[in-house]
Every structure is written in structure tokens, then in C-alpha cells.
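**Student:** test case, fold it:
(2 chains, ligands or ions: 2)
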Amino acid sequence: MKAVLASLMELLRGDVQADRVVPPTGFTATLTTLTAGAMAFLAVFALALSFATGRLAERWSSELARSSTVRISAPEAELEAQTRAAQEVLRLTPGVARSRILGEEEQRLLLEPWFGPDLPIDALPIPRLIEVVEEDDGYDAEGLRLRLAAEAPGAVLDDHTRWRRPLVEAANRLRVLGWTAITLIALSTAAMITLAARAALAANAQVIRVTRLVGARDIYIARAFVRRFTLRTLAGGAVGTLLGMGAVALLPRAAEEGAFLTGLGFVGLHWLWPLLIPLFGAMVAFWATRGAALSALKALK
Amino acid sequence: MIELDNVAYSYGGDDLLSDISLRIQPGSFHFLTGPSGSGKSTFLKLCYMDLSPSSGLVQVFGQDVRGLARDQVALARRRIGVVHQDCRFLDHLSVAENIALPLTVAGRDVEAEKDNLKALIDWVGLRDQQQQCPPELSGGERQRAALARAVIMGPDVILADEPTGNVDWEMSQRLMSLLIELNKMGKSVMLATHDLNLIRTTKNQISARVLRIANRKLQLAGADL
Ligand SMILES: Nc1ncnc2c1ncn2[C@@H]1O[C@H](COP(=O)(O)OP(=O)(O)OP(=O)(O)O)[C@@H](O)[C@H]1O
Ligand SMILES: [Mg+2]
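**Tutor:** Numbers count the residues shown, from 1 in each chain, chains lettered A, B, ... in the order given. Ligands and ions are numbered 1, 2, ... in the order given. I've put the predicted structure just below:
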């Protein structure tokens, strides 16, 4: 790692004299910088998408994990029997990990946000609550509902958070898509830079020939191209990244956590991540140009 | 230093050169003559590894060139100063930068060798032209710049292809005196030329062998030169 860093530093420091040996290629240069900028801009959004969907999936699945409840409202006399019946149904339902009757204290805490702390829980006809913790694959809510209706008519399955399950899945998919996009952007950058480097090498065949005749090694010639393309990609990538970050920062904020589209963005330290994009791009450019140059030089007599 | 043993070369058709054997010893001075198109430049290209022989053995600094990796060829070329017949400059660099190019590509600090460079540029009479680009030079000025570039690294061997083709007599004498000077310092020189006068004058100053390419073969020229 240290060696890589050292060679990168040396590369960046450059050598004015050596840089002049390969003439500047105006058009390819501009094109490379522009494309690197555009790719970085896109990468910022792909990264933002990945982070946003990651956050969403995390939040939603933690809500999911909080389980659903079965609420039993029945006359005092039947309450115990129905509770037992419901628990038995739950025990036999595939996909239900466990169930547990909530204590009075827990019920009070659950209701507190709505009714305040001084709720006289004993005096109220508060239904009994059974917490249902499901397994990863979940259970068949409709089937459970029917069986509960048959065994314990006072039992109502409340699975208000379960509808989010497909959303969590969608969020996870989107996150994968985000990373796929980033990978594709990196690959396209590599391909684009390989093409540009090859074009530059072909345009400079005469220069390469002369420098070889006076004793230039392949690595010297390659380095002149590598340095150029790496620096261009770094510069273009930096500008593209900053513009992308600006655009993400200027997206309208959403107060609602569920507002998916407007939730796109970075939070806290995640803002540091896009700063890696130009560096990563420069690394991609470094290896792409190096590979293209060395293989082209090998082929060039 | 450079050794050819039974070398033949063809550009595709019949052999242009065949049965060539020569040993360039340290401190030797060779002239190479022959009719236009006889293969003088080709012979020199075999010596600086721009071409590899169709058959036979070429050894440079004791190494068979067929076994040399490209990096080794590059390193060997740093010890061989070449004046190409067509000069071969980088047109986007100044004359001074072109002369310093062997130093640059060898990773040497050009700034540190500034005095050397300046003296050499003065010697070949290009002080006023050093900031120009090669295409702006006259034929003779180009050849002088090419000679300066060939010797900047202090090579062990100097291969010069018609280095005086486009310069007047006075300048050609001046360039020759540089080569003679270097030869006296122990460098080997091989110089291809049509100019018999130049050969005669030089032979009066140092002991030089004159080779001639005729009928695809390399011969030692007679005493008429
Ligand atoms: N790259 C090439 N491909 C095919 N034929 C070539 C090539 N280079 C040179 N030749 C041919 O080989 C022959 C020798 O060329 P070369 O340049 O070695 O001659 P020369 O003795 O240096 O001539 P001059 O005195 O005119 O410089 C010529 O007939 C030339 O046409
Ligand atoms: Mg010739």
C-alpha cells in the first residue's frame, strides 16, 4: 500500500521535462476530462441512491422486526380462554417465531404517546395484546386471520407494518442497482480511457519511435501517458463530483421519512464518501492507461 | 563493442546485405561508403538494433541482440549515439530540448547538465537557433543538432549516417573535429558518407579504416582512399 502511494505521489509530482516529450493532445484531453466529469456526476447520484435506499431499507426492516400484534377484545369471562386459543393458533402457524403476552407496563408504554402517562389502565377496557415475532420469511397473514377468527373470535391480527415488506425488498434491490450503476460507471470510465489512451498512443507513434531510438524504456513512455490521463480524470472527476454533490445538496428536503424520492442524499459523514469518487476514478484511469499503453507499446515495433 | 558475424539482411525480397562480418573495437574509427541504395543506412540500423538480421549474429556490448528484451535494447541504445540520415526530431520540442532528449528519457537531470548542453550547442553553432523548433532549421543545422544529440550522453559508440551531407566544407571540418576529439577520448566512431574528400582529410589526422559496401558485401577499401 505504501509503495502504491509512493508511486502515485511520484506520478503526481511529475516531471516537467518528461511531460513535454509527449505533445499535448488537445481534443482527447478535453474529451477525457469532460467524460470523467460526467461519469463522476453520475456516480455521485448512484452513490446517493445506494445510501438513501440503504437507510430506507434499514429503517423499514427495523420497524418490521418490531413484529405485529394480535389484539384480543372479549368479555372478561372469555378473555383468558381466547388468549390461550390465539396463542395456540400462533404456536402452530408456520413463520411465527414466537409470541408473548404483553405485560401491563409494556401496554402502558405503548399507549402513552396517545393517552399520556397517567392512563388508568385497570379501569379501562384495554384489550389484551400478544406480540407476534415472525421469522424471516414471514407468515401467511390471511390464513392466520381466518384461523384466529375460527378459534378466537375476539382476536384481531394487526400487522400494520407488514405491508412494508415488499418495500424493503424494493429498497434493497434499488441499493443493489445503485452499486451496479457505480460498477458500470467505473467500467465505462475504464473503457473510455482505454480508448482515449489508445488513440493518443496511435497519434504519437512517431514520437514513441524517436524516444525509443534515443533510449526510452516502455515504462517511461507509458508513464507520460498514464500521468496525463490520470491527472485529467482526477480533475474532471473532482469537478463532476463537486457539481454532483451540489446538485444532491440542493434537492428539496422531505419532512416525511417515507418520501422516498426526496430522501435521496447523504447524511452526516456519508458526505465524505463521494469525495472518494475522483480518487477512485484516477485509480481506474491509472490502471486503464497503464494497461493500454504497455500493451500498445509491446505491439508497436 | 558491436560485432556482426555472417549477417544477412533483406527487406523482404533478395538479400540487400549478406555475409557481413565486422567487429567495432573500442576506440576505432570507421568510414562506411558505397553507392546510394547499397545499404549503408541499413547496416547502421542493424548496429543500433532498429533492424534485426535475417540471419547471422549481431552482438552489442557482448549480448546477442536476439535475446535482448526491449528494456535492455533501450539501455544499450543509451551507450550508442546515432545521427540518423533523416535526423528524427520531435518537432514540438525546441532544438535544445531535442538535443537533451536522451538525457530526459534516461531520467537524468537536464538542469544539472546545463553547462554541458550549452557548450555542446555552442560547439555545433546552434546558439541562436536553440529555442526554435526543428522544422524551422536548415538541413545543415538539423544535422548539427542531430550530431549534438548523438553525443550528449557521452556514448561509447557513435554511428553517424551522412552527418555532413548538407553542411559546407568548413562546418563539416568542424563537425569532424568533434568526432575526432571524441575518438581520441576512446569512443568508437562509424561514419557513413559519400564524401571522399572528407575521408581523405580525416585520414590524415587519425588512423581510420574505410569500409565499402559493394555487391551486398562489406569490403575494406583500398589504398586509393
Ligand atoms: N523500410 C524499407 N523497406 C523496404 N526497402 C527499403 C527500406 N529501407 C530501405 N530500403 C531499400 O534498401 C536499399 C538500401 O537502403 P539504404 O537506406 O540502406 O541505402 P543507403 O546506402 O543508405 O543509401 P543512401 O546513400 O542513399 O543513403 C534501398 O534500395 C532502399 O530502397
Ligand atoms: Mg543512407
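**Student:** dump the host helix or strand of residue B:170 to CSV, keeping only the CA atoms.
**Tutor:** If you go by DSSP states H and E, residue B:170 is part of helix B:169-184. Taking C-alpha atoms only, helix B:169-184 is exported to CSV below (Å, rounded to 0.1, in the frame of the first residue of the first chain):
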residue,chain,number,x,y,z
TRP,B,169,33.2,22.3,-46.0
GLU,B,170,34.2,24.5,-43.1
MET,B,171,31.3,23.2,-41.0
SER,B,172,31.9,19.6,-42.0
GLN,B,173,35.5,20.1,-40.8
ARG,B,174,34.3,21.4,-37.5
LEU,B,175,31.9,18.5,-37.0
MET,B,176,34.6,16.1,-37.9
SER,B,177,36.9,17.6,-35.4
LEU,B,178,34.3,17.0,-32.7
LEU,B,179,34.1,13.3,-33.8
ILE,B,180,37.9,13.1,-33.9
GLU,B,181,38.1,14.6,-30.5
LEU,B,182,35.6,12.0,-29.1
ASN,B,183,37.5,9.2,-30.9
LYS,B,184,40.7,10.3,-29.2
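**Student:** burial measure for residue A:245, as a count.
**Tutor:** 22 (other C-beta atoms under 10 Å in any protein chain shown). All C-beta spots, glycine's among them, are computed from the backbone N, C-alpha and C.
**Student:** distance check, it against residue A:234.
**Tutor:** Separation of residue A:245 from residue A:234 (C-beta to C-beta, to the nearest Å): 16 Å.
**Student:** what's next to the helix holding residue B:170, contact-wise?
**Tutor:** B:27, B:29, B:123-125, B:140, B:143-144, B:147, B:151, B:158, B:160, B:163-164, B:167, B:189, B:191, B:195, B:197-198, B:201-202, B:205-206 (C-beta atoms under 8 Å, 6 or more residues apart in numbering or on different chains).
**Student:** kindly recompute the last result at 6 Å.
**Tutor:** Here helix B:169-184 makes contact (C-beta atoms under 6 Å, 6 or more residues apart in numbering or on different chains) with B:29, B:147, B:164, B:189, B:202, B:205, B:206.
**Student:** save those as a markdown table, and put in neighbour count and distance to residue B:36 too.
**Tutor:** Output for those, formatted as a markdown table (neighbours: other C-beta atoms under 10 Å in any protein chain shown; distance: C-beta to C-beta, whole Å):
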| residue | neighbour count | distance to residue B:36 |
| --- | --- | --- |
| B:29 | 24 | 23 |
| B:147 | 25 | 21 |
| B:164 | 25 | 16 |
| B:189 | 23 | 22 |
| B:202 | 24 | 21 |
| B:205 | 13 | 27 |
| B:206 | 13 | 26 |
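**Student:** between the residues you listed, which sits nearest chain A?
**Tutor:** If you rank the contacts of helix B:169-184 by distance to chain A using C-beta to the nearest C-beta, residue B:147 comes first, at 13.4 Å.
**Student:** for the closest one, what is the enclosing helix or strand?
**Tutor:** Judged by DSSP H and E, residue B:147 forms part of helix B:139-151.
**Student:** pull the number of nearby residues for the residue of the stretch 151-300 of chain A found nearest ligand 2.
**Tutor:** When distances are taken as C-beta to the ion, the stretch 151-300 of chain A reaches nearest to ligand 2 at residue A:213, 15.4 Å away. The number of residues packed near residue A:213 is 21, by other C-beta under 10 Å.
**Student:** stretch A:24-40 vs chain B: in contact?
**Tutor:** No - Stretch A:24-40 stays clear of chain B (C-beta under 6 Å from any C-beta of the partner chain), getting no nearer than 8.5 Å.
**Student:** then that stretch to PDB, C-alphas only?
**Tutor:** Listed next in PDB are the C-alpha coordinates belonging to stretch A:24-40 (Å, rounded to 0.1, in the frame of the first residue of the first chain):
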ATOM      1  CA  PRO A  24      -0.400  17.600 -25.700                       C
ATOM      2  CA  THR A  25      -3.400  16.100 -27.500                       C
ATOM      3  CA  GLY A  26      -6.000  18.800 -27.100                       C
ATOM      4  CA  PHE A  27      -9.100  17.000 -28.300                       C
ATOM      5  CA  THR A  28      -8.600  13.700 -26.500                       C
ATOM      6  CA  ALA A  29      -7.600  15.700 -23.400                       C
ATOM      7  CA  THR A  30     -10.800  17.800 -23.300                       C
ATOM      8  CA  LEU A  31     -12.900  14.800 -24.100                       C
ATOM      9  CA  THR A  32     -11.300  12.700 -21.300                       C
ATOM     10  CA  THR A  33     -11.800  15.500 -18.700                       C
ATOM     11  CA  LEU A  34     -15.400  16.000 -19.800                       C
ATOM     12  CA  THR A  35     -16.300  12.400 -19.700                       C
ATOM     13  CA  ALA A  36     -14.600  11.900 -16.400                       C
ATOM     14  CA  GLY A  37     -16.600  14.800 -15.000                       C
ATOM     15  CA  ALA A  38     -19.900  13.400 -16.400                       C
ATOM     16  CA  MET A  39     -19.100   9.900 -15.000                       C
ATOM     17  CA  ALA A  40     -18.300  11.400 -11.600                       C
END
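**Student:** quick one: contacts of it?
**Tutor:** Contacts for stretch A:24-40 (C-beta under 6 Å, 6+ apart): A:185, A:189, A:192, A:196, A:199-200, A:232-233, A:235-237, A:239-241, A:277, A:281.
**Student:** tell me where chain B has strands.
**Tutor:** Secondary structure of chain B (DSSP state E): strands at B:2-9, B:17-24, B:29-33, B:55-60, B:63-64, B:80-83, B:157-161, B:188-192, B:209-214, B:217-220.
**Student:** tell me the mean pLDDT for the fifth one?
**Tutor:** It refers to strand B:63-64. Strand B:63-64 carries an average pLDDT of 90.
**Student:** same check, this time on the second one
**Tutor:** Computed over strand B:17-24, the mean pLDDT rounds to 90.
**Student:** what's the answer for the fourth one, then?
**Tutor:** In this model, strand B:55-60 has an average pLDDT of 91.
**Student:** same deal with stretch B:160-176?
**Tutor:** 86.
**Student:** now swap in stretch B:201-208 and tell me
**Tutor:** 87.
**Student:** what of stretch B:32-40?
**Tutor:** The model assigns stretch B:32-40 a mean pLDDT of 91.
**Student:** end-to-end on that stretch?
**Tutor:** Using C-alpha to C-alpha, to the nearest Å, the span of stretch B:32-40 from its first residue to its last is 7 Å.
**Student:** buried stuff in that stretch?
**Tutor:** For stretch B:32-40, a neighbour-count test (16 or more other C-beta atoms under 10 Å in any protein chain shown) marks B:32, B:33, B:34, B:38, B:39, B:40 as buried.
**Student:** ok, and does it reach over to ligand 1?
**Tutor:** Yes - judged by C-beta under 6 Å from any ligand atom, stretch B:32-40 and ligand 1 are in contact via B:34, B:36, B:37, B:38, B:39, B:40.
**Student:** closest one of those residues to ligand 2?
**Tutor:** Checking those against ligand 2 with C-beta to the ion, the nearest one is residue B:40 at 4.9 Å.
**Student:** which helix or which strand is home to the residue nearest the centre of chain A?
**Tutor:** Taking C-alpha atoms, centre = their mean, the centroid of chain A lies closest to residue A:50, which sits 2.3 Å from it. For residue A:50, the element it lies in under DSSP H and E is helix A:26-65.
**Student:** how about the residues of chain B by ligand 1?
**Tutor:** Checking chain B against ligand 1 by C-beta under 6 Å from any ligand atom, the hits are B:11, B:16, B:34, B:36, B:37, B:38, B:39, B:40, B:41, B:42, B:85.
**Student:** return the subset of those residues lying in helices.
**Tutor:** The members of the residues of chain B next to ligand 1 that map onto helices under DSSP state H are B:40, B:41, B:42.
**Student:** just the strands in the stretch 151-300 of chain A please.
**Tutor:** Counting by DSSP state E, counting those that start in this stretch, one finds strands in the stretch 151-300 of chain A at the ranges A:155-158.
**Student:** shaky segments in it?
**Tutor:** Counting by pLDDT under 70, the stretch 151-300 of chain A shows low-confidence ranges at A:160-164, A:253-263.
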